[in-house]
Structures are given as structure tokens and as C-alpha cells.
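Colleague: Below is the structure, and that's it, no one-letter string:
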């Protein structure tokens, strides 16, 4: 019984972690807006308070939440699904664990720019 309770407590934070919304699948509904806000708050908390960064200050948290919301809004206007999916795969579904909207938006823009470049002498 104690083992079961301990396992439940250990996995409880991951059960309450909000669902990641793919920016290009965002439909603007209130439900998805709430999910995006919850994901951003949870992710910022994880990155800045529950990690080795130890930068858990209210000003830092609010600033990063705002930056991630801005980045999500920008990323939701993206038009190259292949590049966006690749960025999300790289930063959200790998050992990197850098699945925040600021990183996704920045790397989407960089990959989109790089896709138009060609090596020249």
C-alpha cells in the first residue's frame, strides 16, 4: 500500500502537467487558450524552479511566461508544417527536453531561413 501511494505521489506532478498544443493546430478556442497558458506556466515552473537553474523568482517566471506566450502566438502563424514538426520532434520528443514555445519559435524561424539558403563559393 505504501509503495502504491509513493508511486502515485511521484507521478502526480507529471499527471497534472498540461498538454502541449502544437502551434499550427491552435484553433483559438478558450479550451486551447487555457491549455496553452497551463502548459507555459507548468513548463516555466519546471525549467526555472524545479531544475538546476535555480532561478525561481517571480520576475523571472512572469517574464518567461510572457515570452513563451508571445512565441506561441507567433508560432501559431507559421506556414511550413514540415519545418515546425521537425523542430517539435527535435526539442520536445528527444533527450534535449527543451520543449518551450520560445525555443520552438526561434528554431522554426532559424530552420525556415536556413531552408532558403544554399552553399555558394
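Modeller: Structure received. In this text the structure is predicted, and so the values were computed from the model without any measurement.
Colleague: Do a quick rundown of the helices in this structure.
Modeller: Using DSSP state H, the helices found in the chain span residues 2-16, 30-48, 58-75, 81-92, 101-115.
Colleague: ok, the nearest residue to residue 41 once chain neighbours are set aside - how many residues close by?
Modeller: Ranked by C-beta to C-beta, 6 or more residues apart in numbering and with sequence neighbours excluded, the top spatial neighbour of residue 41 is residue 65, at 6.1 Å. Just so you know, the C-beta spots here come from the backbone N, C-alpha and C atoms, and that holds for glycine as well. Applying the criterion other C-beta atoms under 10 Å, we find 17 residues in the vicinity of residue 65.
Colleague: Against residue 85, how distant is residue 65?
Modeller: Distance of residue 65 to residue 85, computed by C-beta to C-beta, to the nearest Å: 25 Å.
Colleague: From residue 24, how far off is the residue lying closest to residue 112 once chain neighbours are set aside?
Modeller: The shortest distance from residue 112 to any residue other than its chain neighbours is 5.5 Å, reached at residue 83 (C-beta to C-beta, 6+ apart). Residue 83 sits 10 Å away from residue 24, taking C-beta to C-beta as the criterion.
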